[in-house]
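Engineer: Turn this into a model:
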Amino acid sequence: MSYDERKLVINTPDHPERLALAVRYIEETIQRAIIGKETTDRTQVVIEEGQREFYLRQQLQTIKQMLGEGDEQEAEIKALEDRMKQARLEGDIRETVEAQLDRLRLLAPVSQEYQVTHNYIDQILDVPWNVETQSDVDIQTVRDVLDQDHYGLEEAKERIIEYMAVAKFTGNMTGPILCFVGPPGTGKTSLGQSIARAVDRKFIRMSVGGVRDEAEIRGHRRTYVGAMPGKIIQSLQRIGACNPVLMIDEIDKMGAHPITGDLASAMLEVLDPEQNTSFTDHYLSLPFDLSRVLFVATANTLYDIPEPLRDRMEVIAIPGYTEEEKLEISRRHLIPKLMKQHGLDDQPLQITDAAVLRIIREYTREPGLRNFGRRLETVIRKIAVIRSSGDEAPAHIELENLPDYLGPPLFIPTTEDRSPEVGVVNGLGVTGSGGQLLMIEALRIPGNGQLIITGQLGEVMRESVLAAKRYIQSQARTLNIPPEMFDKYNIHLHFPEGAIPKDGPSAGIAIATAIASLLSDRPVRTDIAMTGEITLRGRVLAVGGIKDKVLAAHRAGIKTVLVPKQNENDLANIPDTVRDSICCIPVESIDEVLKESFIDVVVPQDTSIERIVQAER
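Structural biologist: I've put the predicted structure just below:
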């Protein structure tokens, strides 16, 4: 008892009260003694367990040394330290690795935390923080490599050369990200490989098509089980350089999820030159300078790329190849490559130009080269089968022999496929596979004036149908259409290939032509195709993808294409060989469209848009 407690007991005159006070002090002393004893006992148990573990570890280490195995943990840590020195890490990165190594020494190798920490250090050391490929940008070399690897694509080549020329003078590759937009098989990915070869840098491709989780780009946080860095850091780890040519493939097919985040927003930090100098992966939690990476993106359609992401990229359109370009590519690249792959490069085999052109026109109808290459491969495979059997195979593949190898033709030119019909019009559209010929069929049946639309159309295209019908209805008298036709008949518009989604305003004038032809019983030319948006006043507005659409019409054998007057400047981008074989007519109003489309019909001039506007005024 303390002095004050004893003094208080002595100074208490009442004996029962003094006794109770003493008992209370004794009980408190006993409780303190019990608690002290429990604490001492528990401490002793912990000390004994720690001493036991330490003793066992010392025994284990002694046994391993006697067996010649050495200290594996120390060897692992020593190996990590050597890698850190070789990587020449600096600043926060080196401090982080050293702190994790100190922590690793205190952990048991069999513990889960040891494995997590060891993997984290491994991932940091695998990142090429300072490993840079020495490259020299020579404009003539870039030009020679692009011409050697690719035939055609002059616009894309010129833009790449301009980009490299600026990089040569500025000393860095910062600036807009190159984005090649075009249908499959047009050489977008191989262009990126050619750029890497031209500037002597490593090349790696990263596909983001179908990826919906933001962590795939920014990495998982280390609180998750199985966490790892994102695709960007993983790509740099695989290639082993901090300044490669990194191709982001299928950037228009990125997804968004309400839970896993918006992938396009995550890509902004990667591609924006103002932000990617300190890109931070969630797993590493350390900034990495991505400005040294030359990013190249590819997409099939431009409109599927989110607007903020599209704003940071330099779009280079690759619409497709003409027949002449495909013929030349087959001579220079495809046929020699396929012959070598099939072991026939030392045996004479010639596929005539006429046979190649027939493959292009009657067995493939695409802007790219993939199906064309497959057809050529089929011919060469069959030749290989004949020669492997010991039979004598022909040394020349002629035009007439193609059905023996490829079967009957798959496509027939549009102008030979059908005769002029009422209510059938050739429209033009653009899909992920490039420009396409869009057939529009109209049929009238007795009814009460309903408008039936089939063919899996989007909302914008349905609105174009309504606008076209209203305009034709307003001009019924001028077009010699009885007004009661709109009340006594149902109009059914069908867009074949109904399983394929279609949307956009480009078919507006084609729809109006189909309705006008149907109700006036006037046939439409089969060798003509058209594209353009229609207004309620009958004006023809500009649309996109003119080059893709004209090339699609050329592949289908169309001789005349009607395009909006506002798109007249886009005709300059069409190759000369196509422009010489196809007639492109700019139009401003539906009157001009009908005048060019109908057979032996001239629309009266007093139905022009100017007269209507003046009458309303």
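Engineer: Now do the contacts for the spatially most central residue of the chain.
Structural biologist: Most central in the chain under CA atoms, centre = their mean is Glu250, positioned 1.5 Å from the mean C-alpha point. Listed by CB atoms under 8 Å, 6 or more residues apart in numbering, the contact set of Glu250 reads Ser207, Val208, Gly209, Gly210, Thr298, Ala299, Asn300. (C-beta placed from N, C-alpha, C; glycine too.)
Engineer: hang on, the fourth one packs against Asp249?
Structural biologist: Put plainly, it is Gly210. No - counting by CB atoms under 8 Å, Gly210 sits too far from Asp249 to count as a contact (11.2 Å).
Engineer: what about these two, which has more around it?
Structural biologist: More crowded of Gly210 and Asp249, by other CB atoms under 10 Å: Asp249, with 18 against 9.
Engineer: give me phi/psi at the more buried one?
Structural biologist: Per-residue torsions, Asp249: phi -90, psi 150 (degrees, to the nearest 10).
Engineer: Give the closest residue to it in space, chain neighbours not counted.
Structural biologist: Closest residue to Asp249 apart from its sequence neighbours, by CB to CB, 6 or more residues apart in numbering: Ser207 at 4.3 Å.
Engineer: can you pull out the helices in the stretch 301-450 of the chain?
Structural biologist: 307-310, 323-329, 335-341, 353-358, 370-388, 402-406, 414-417 (DSSP state H, counting those that start in this stretch).
Engineer: Out of those helices, which is closest to Asn480?
Structural biologist: Across those, Asn480 has its closest neighbour in helix 414-417 (27.8 Å, CB to CB).
Engineer: which strands and helices sit next to the one helix or strand Val145 maps to?
Structural biologist: Assigned by DSSP states H and E, Val145 belongs to helix 139-149. Contacts defined by 3 or more CB pairs under 8 Å, 6 or more residues apart in numbering; DSSP states H and E place helix 139-149 against helix 154-170, helix 188-198.
Engineer: gap between that helix and the chain center?
Structural biologist: Relative to the mean C-alpha coordinate of its chain, helix 139-149 is positioned 26 Å out (CA atoms, centre = their mean, to the nearest Å).
Engineer: Thr141 - nearest residue in space that isn't next to it in sequence?
Structural biologist: Nearest to Thr141 is Ala198, by CB to CB, 6+ apart, at 5.8 Å.
Engineer: The one you found contacts Val145, doesn't it?
Structural biologist: Yes - contact criterion CB under 8 Å: Ala198 and Val145 qualify, at 4.1 Å.
Engineer: The two: who's more crowded?
Structural biologist: Higher neighbour count among Ala198 and Val145: Ala198, with 24 against 18, using other CB under 10 Å.
Engineer: That one and Ile335, how far apart?
Structural biologist: Ala198 sits 25 Å away from Ile335, taking CB to CB, to the nearest Å as the criterion.
Engineer: what does Gly429 give?
Structural biologist: From Gly429 across to Ile335, the span is 32 Å (CB to CB).
Engineer: OK, contacts around Arg312?
Structural biologist: Pro176, Ile177, Leu268, Leu271, Asp272, Pro273.
Engineer: Give me the longest strand you can find in the protein.
Structural biologist: Scanning the chain for the longest strand, with DSSP state E as the assignment, gives strand 434-446.
Engineer: ok, that one: who's next to it in the sheet?
Structural biologist: With DSSP bridges as the test, strand 434-446 is paired with strand 424-431 (antiparallel), strand 489-494 (antiparallel).
Engineer: Now it: buried residues?
Structural biologist: Going by neighbour count (16 or more other CB atoms under 10 Å), the buried part of strand 434-446 is Gly434, Gly435, Gln436, Leu437, Leu438, Met439, Ile440, Glu441, Ala442, Leu443, Arg444.
Engineer: The second one contacts Thr301, doesn't it?
Structural biologist: What that stands for is Gly435. No - counting by CB under 8 Å, Gly435 stays clear of Thr301, with 11.8 Å between them.
Engineer: Buried deepest among the helices and strands packed on helix 139-149, which one?
Structural biologist: A comparison of the helices and strands packed on helix 139-149 by mean neighbour count, using mean count of other CB atoms under 10 Å, puts helix 188-198 on top with a mean of 21.
Engineer: how much does it deviate in direction from helix 154-170?
Structural biologist: Between helix 188-198 and helix 154-170, the angle comes out at 30 degrees (axes from the mean of the first three to the mean of the last three CA atoms, to 10 degrees).
Engineer: Tell me the helices and strands packed up against helix 188-198.
Structural biologist: Packing partners of helix 188-198 (3+ CB pairs under 8 Å, 6+ apart): helix 139-149, helix 154-170, strand 177-181, strand 203-207, strand 245-249, strand 294-299.
Engineer: Would you map out the domains in this protein?
Structural biologist: 3-61, 72-126, 139-317, 323-406, 414-616 (automatic domain parsing).
Engineer: Out of those domains, which gets nearest to Thr133?
Structural biologist: Taking CB to CB, domain 139-317 is the member of these nearest to Thr133, at 4.8 Å.
Engineer: Ends of that closest one, what's the gap?
Structural biologist: Counting by CA to CA, to the nearest Å, you get 22 Å between the two ends of domain 139-317.
Engineer: Tell me the gap between that domain and the middle of its chain.
Structural biologist: Worked out by CA atoms, centre = their mean, domain 139-317 lies 10 Å from the chain centre.
Engineer: most residues in a single helix of the protein, which one?
Structural biologist: Using DSSP state H to define each element, the chain has its longest helix at helix 15-67.
Engineer: Show me what that helix is packed against.
Structural biologist: Applying 3+ CB pairs under 8 Å, 6+ apart, one finds that helix 15-67 contacts helix 3-10.
Engineer: Which other helices and strands does the helix it packs on contact?
Structural biologist: Using 3+ CB pairs under 8 Å, 6+ apart, helix 3-10 sits against helix 15-67.
Engineer: the inter-axis angle of the helix it packs on versus helix 3-10?
Structural biologist: 150 degrees.
Engineer: and helix 15-67, what's its mean pLDDT?
Structural biologist: Average pLDDT, helix 15-67: 81.
Engineer: What lies in contact with the helix or strand just after that helix?
Structural biologist: The C-terminal neighbour of helix 15-67 among helices and strands, as given by DSSP H and E, is helix 72-87. Defining contact as CB under 8 Å, 6+ apart, one finds that helix 72-87 is touched by 64, 94, 97-98, 101, 104-105, 109, 118, 121-122, 125, 129-130.
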